[in-house]
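Asks: the amino acid sequence is not available; the structure is as follows:
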């Protein structure tokens, strides 16, 4: 990684000084490099510290752009971290970024001169990622293309316009394919991300996902998730997941653009009056949140706290009547949220509370799967915190829970909860 001080007003390195000053600076660097670096960070305004046609393993004594007298400088300076560059021109096929460990490690390389040596003489290079249009030779050094971010954003605006207005289906398919071409593939689709990998396996971290989401019309991607065309639904889903692959921070950008977590949970709640399309969008957003959370349990995910604030009766419906397309991670989160919502209820439980926390499903509990049965029994145990409260619903518990104990294949953890509701507190 190169470090340089760049003129914020001109964007160019300060002019070089004479040979005498160069020799003097080199002696100074040898005598006290730490002191010099401290001065660089303290004094306002210095020229670029850069590498120009020097061996890759050359030391600080090879610097050829020493610091002029700071009193003669007029513009403000800023510290810039340049990307690693191993470009040895001429580059007949352009400059590319490789993120892997091949050759000299991550950095920018000349496409037709990848296998460079450490003692090679490299071109001067001032590239700062993200470099949306790639690097270009300015006649002095390699830099990112001029106004590339503005041009790329305009490109994405045009593609979103086509996705909205078409006019033909083929136009929309072409547009969404073009969007996807600028995004990395999910890790499961890439055997590796080295220099020999396909382009989409080398695009990770290039920041195109953030630019796509910055376009106001990008909300059309959410509409495509619930459109009638199955191919468009699949392609829109793929684009959004690849946007998150590009940068995990884009997940929050997507959720915010969908209205925020609270809005998604409201639309997802079966007791909320909303449209089927809004429910479909909410399902997609919550699936993404649950699948991208790598915590050991859902209660450690950042969306879980708000999920537990949903009505227990609504969570019960989602557990027992799983929405089509609900991922496994989201199902587990819903089950735990149901239990938590019943745990936090205060005071003597009412009949309505009992029904919402599992009592309404006891008659058919043997028809559910193991996870549903366990979530139902745990929700009831979390609600009925005192013996007197359990005695209040003795008949319902005895009639619904006792038959479960007669099932030989009943898993041990489910049997333990069922037994605790009966034998430990009520008796049979």
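Replies: Good, I have the coordinates. The structure presented is a predicted model; accordingly, all values stated were derived computationally and were not measured.
Asks: would you mind measuring from the residue most central in space within the chain to residue 289?
Replies: For the chain, the residue nearest the mean C-alpha position is residue 248 (1.5 Å; C-alpha atoms, centre = their mean). From residue 248 across to residue 289, the span is 12 Å (C-beta to C-beta, to the nearest Å). Every C-beta, even on glycine, is put in place using the N, C-alpha and C of the backbone.
Asks: swap in residue 268?
Replies: In terms of C-beta to C-beta, residue 268 sits 11 Å off from residue 289.
Asks: and residue 357, by the same measure?
Replies: 24 Å.
Asks: these two - which one has more neighbours?
Replies: Set side by side, residue 357 and residue 289 show more neighbours around residue 357, with 28 against 23, by other C-beta atoms under 10 Å.
Asks: just the element for residue 417, please.
Replies: helix 412-419 (DSSP states H and E).
Asks: check the offset of that helix from the chain's centre.
Replies: With C-alpha atoms, centre = their mean, to the nearest Å as the basis, helix 412-419 stands 39 Å off its chain's centre.
Asks: looking at it, residue 399 is touching residue 362, isn't it?
Replies: Yes. At 7.2 Å, residue 399 counts as touching residue 362 under the criterion of C-beta atoms under 8 Å.
Asks: so the two - more neighbours on which side?
Replies: residue 362 (23 against 11).
Asks: quick one: contacts for that one?
Replies: 376, 396, 397, 399, 400, 401 (C-beta atoms under 8 Å, 6 or more residues apart in numbering).
Asks: same check on residue 263?
Replies: residue 282.
Asks: and if we set it to 10 Å?
Replies: 255, 256, 274, 278, 281, 282, 285 (C-beta atoms under 10 Å, 6 or more residues apart in numbering).
Asks: buried sites along whichever strand or helix holds it?
Replies: According to DSSP H and E, residue 263 maps onto helix 261-268. When neighbours are counted by 16 or more other C-beta atoms under 10 Å, the buried residues of helix 261-268 are found to be 261, 263, 264, 265, 266, 267, 268.
Asks: cool, stretch 295-307 as well?
Replies: So, applying 16+ other C-beta under 10 Å, buried residues of stretch 295-307: 298, 301, 303, 304, 307.
Asks: mind checking the end-to-end distance for that stretch?
Replies: For stretch 295-307, the first-to-last residue distance is 16 Å (C-alpha to C-alpha, to the nearest Å).
Asks: and stretch 137-157, by the same measure?
Replies: 28 Å.
Asks: what sits against the closest residue to residue 333 other than its chain neighbours?
Replies: Ranked by C-beta to C-beta, 6 or more residues apart in numbering and with sequence neighbours excluded, the top spatial neighbour of residue 333 is residue 298, at 3.8 Å. Neighbouring residues of residue 298 by C-beta under 10 Å, 6+ apart: 290, 304, 307, 329-337, 340.
Asks: can you list these in TSV and add secondary structure and pLDDT?
Replies: Shown next, in TSV, are these (DSSP: H, G, I helix; E, B strand; the rest coil; pLDDT from 0 to 100):
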residue	secondary structure	pLDDT
290	helix	96
304	helix	96
307	helix	97
329	helix	96
330	helix	97
331	helix	97
332	helix	96
333	helix	97
334	helix	97
335	helix	97
336	helix	97
337	helix	97
340	helix	96
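Asks: Serialize those residues to a markdown table and add fields for distance to residue 115.
Replies: Listed next are the contacts of residue 298 as a markdown table, based on distance: C-beta to C-beta, whole Å:
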| residue | distance to residue 115 |
| --- | --- |
| 290 | 44 |
| 304 | 49 |
| 307 | 52 |
| 329 | 43 |
| 330 | 47 |
| 331 | 50 |
| 332 | 48 |
| 333 | 48 |
| 334 | 53 |
| 335 | 54 |
| 336 | 52 |
| 337 | 54 |
| 340 | 57 |
